[in-house]
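Asker: Okay, structure incoming, though there's no sequence with it:
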């Protein structure tokens with residue numbers, strides 16, 4: 001459970017109304033510690049044979065043998081194993097350079113920074129792929145700069161990663177919070193909404209994205225106003241007090257920076273209260289969210305997304321979808337899988353151009369580098385190492401061939417229309433430096 005879904009709430013453990021999987025395992029390990037148990041990890045039980053004296057020999061997939069007087073079989077849903085890339089001789093390299101590792105930063109910047117430092121100093125990591133949380137990313141990017149390690153961000157979207165905390169070793173392959181906020185504000189301004197409410201998670205991404213949207217909304221229409229802002233903690237599950245506060249001001253539209261499971265919870269709790277009928281909603285409608293919320297999401301929700309597979313028409317995406325369906329049992333790719341793929345290919349292109357993984361050489365190779373992504377050709381701007389990644393905006397519909405809602409009437413917003421100019425990036429950095437001094 002700690003390897004696959006450490007932050008998944010579990011509801012069927014005696015004595016716990018709700019407990020996170022990772023916390024449960026941690027407590028079980030503490031409880032077992034006085035008895036000094038042994039563990040065999042990364043192996044699968046293959047066979048059991050009974051000896052003449054009534055004991056048992058259990059043999060694992062790696063040939064390890066355990067002799068025991070008693071064996072308890074807890075089968076559950078079977079054995080979880082990593083989905084490996086389709087490389088014919090991959091087995092020749094497993095345990096000899098290729099490892100499958102999950103490290104959970106627990107959405108904590110201090111833990112993320114420590115893990116990044118350990119990977120660099122102890123594991124010899126030469127390239128990093130950024131974490132999902134922007135708060136963690138802001139801590140990790142400082143470590144990457146300290147050790148001159150190139151890092152590609154594929155999910156963390158805080159504008160600060162390439163502006164006030166930008167450095168030569170960073171590259172971002174997604175629209176940042178400034179870009180996403182501005183793109184949605186311009187789209188919604190054309191629809192004439194003026195009385196707004198905002199609700200989002202109280203951390204860097206949530207506040208940065210809201211700032212991008214609200215500042216541009218107010219700049220575009222002098223009659224626009226934000227009647228309330230609500231900031232539940234990241235991961236807060238009871239959102240009804242915040243929803244009630246939004247309803248109390250009767251906004252025409254609600255802009256939310258909630259995402260993932262917390263956005264699913266918001267929809268589930270807001271719908272019965274009538275908020276989704278009384279007010280228009282603007283939210284991040286990524287594929288994983290759409291799968292999770294299913295038929296609970298009403299038609300007509302305005303959404304923005306970074307890589308909706310169904311709305312991207314490139315040969316690379318077509319080939320990727322075909323291979324994904326083949327390898328993942330008919331499952332279509334998530335936005336996040338697409339973006340990680342593109343981040344890896346950005347690093348690959350820079351390393352190939354540099355001819356080395358040396359940090360300074362790769363950083364120089366990022367400058368104005370054009371690479372082929374699943375979304376088409378992208379160019380990494382030299383002044384801040386932002387890729388000119390587009391944003392996608394549309395309207396939710398249950399009328400879908402995929403078995404879950406998607407966005408329809410999708411428009412693609414070019415990065416060049418909504419990103420900071422290089423002069424603005426320089427000014428932001430100068431202002432941040434002046435504050436530090």
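Answerer: Received the coordinates, thanks. Because the structure is a prediction, the values reported are computed rather than measured.
Asker: When you work out contacts or count neighbours from here on, use the C-alpha atoms and nothing else.
Answerer: Fine.
Asker: centroid residue for the protein?
Answerer: residue 132 (4.0 Å; C-alpha atoms, centre = their mean).
Asker: That residue and residue 173, how far apart?
Answerer: Distance, residue 132 to residue 173, using C-alpha to C-alpha, to the nearest Å: 13 Å.
Asker: Need the residues touching each of these two.
Answerer: In terms of C-alpha atoms under 8 Å, 6 or more residues apart in numbering, residue 132 and residue 173 are both contacted by the residues residue 154.
Asker: list the contacts for residue 56?
Answerer: Taking C-alpha under 8 Å, 6+ apart, one finds 48-50, 66-71 in contact with residue 56.
Asker: Tell me the buried residues in the host helix or strand of residue 338?
Answerer: If you go by DSSP states H and E, residue 338 is part of helix 335-354. Judged by neighbour count (16 or more other C-alpha atoms under 10 Å), helix 335-354 contains these buried residues: 335-336, 338-340, 342-351, 354.
Asker: how long is stretch 166-180 end to end?
Answerer: 18 Å.
Asker: From the contact counts, what lies against the helix holding residue 338?
Answerer: strand 128-129, strand 151-153, helix 359-366, strand 369-373 (3 or more C-alpha pairs under 8 Å, 6 or more residues apart in numbering; DSSP states H and E).
Asker: give me that answer again for 10 Å
Answerer: strand 128-129, strand 151-153, strand 170-172, helix 287-293, helix 315-327, helix 359-366, strand 369-373, strand 376-380 (3 or more C-alpha pairs under 10 Å, 6 or more residues apart in numbering; DSSP states H and E).
Asker: low pLDDT regions in the stretch 301-437 of the chain?
Answerer: By pLDDT under 70, the low-scoring segments of the stretch 301-437 of the chain are 437.
Asker: who's in contact with the residue nearest to residue 353 when sequence neighbours are not counted?
Answerer: Nearest residue to residue 353, sequence neighbours excluded (C-alpha to C-alpha, 6 or more residues apart in numbering): residue 365, at 6.2 Å. For residue 365, the contacting residues are 169, 347, 349-355, 359, 380, 382, by C-alpha atoms under 10 Å, 6 or more residues apart in numbering.
Asker: Next: residue 348.
Answerer: 127, 342, 354, 357, 362, 371.
Asker: can you put the residues you listed in TSV and add distance to residue 16?
Answerer: Formatted as TSV, the contacts of residue 348 follow (distance: C-alpha to C-alpha, whole Å):
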residue	distance to residue 16
127	41
342	41
354	54
357	48
362	49
371	50
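Asker: From the recorded domain assignment, give the ranges for this protein.
Answerer: With domains defined by automatic domain parsing, the chain comprises 9-79, 177-305+390-422.
Asker: sorry, back to before: could I get the helices and strands packed on helix 335-354 as TSV with distance to residue 106?
Answerer: Output for the helices and strands packed on helix 335-354, formatted as TSV (distance: least, C-alpha to C-alpha, whole Å):
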stretch	distance to residue 106
strand 128-129	16
strand 151-153	18
strand 170-172	22
helix 287-293	20
helix 315-327	28
helix 359-366	27
strand 369-373	30
strand 376-380	30
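Asker: To residue 30, which of those lies closest?
Answerer: Closest of these to residue 30 is strand 128-129, at 32.0 Å (criterion: C-alpha to C-alpha).
Asker: Name the helix or strand for residue 48, please.
Answerer: Assigned by DSSP H and E, residue 48 falls in strand 45-50.
Asker: all helices for the stretch 1-150 of the chain, in order.
Answerer: In the stretch 1-150 of the chain, the helices defined using DSSP state H, counting those that start in this stretch lie at 21-32, 109-121, 134-147.
Asker: Of these, flag the one that's most buried.
Answerer: helix 134-147 (a mean of 21; mean count of other C-alpha atoms under 10 Å).
Asker: If I take it and helix 359-366, what angle do their directions form?
Answerer: Here helix 134-147 runs at an angle of 120 degrees relative to helix 359-366 (axes from the mean of the first three to the mean of the last three C-alpha atoms, to 10 degrees).
Asker: ok now helix 134-147, how far from the chain's centre?
Answerer: Distance of helix 134-147 from the chain centroid (C-alpha atoms, centre = their mean, to the nearest Å) equals 16 Å.
Asker: Kindly report the same for stretch 410-426.
Answerer: The answer for stretch 410-426 is 22 Å, by C-alpha atoms, centre = their mean.
Asker: before we move on, the earlier item: redo the domains of the chain as CSV? Include distance to residue 320.
Answerer: Below are the domains of the chain laid out as CSV (distance: least, C-alpha to C-alpha, whole Å):
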stretch, distance to residue 320
domain 9-79, 27
domain 177-305+390-422, 16
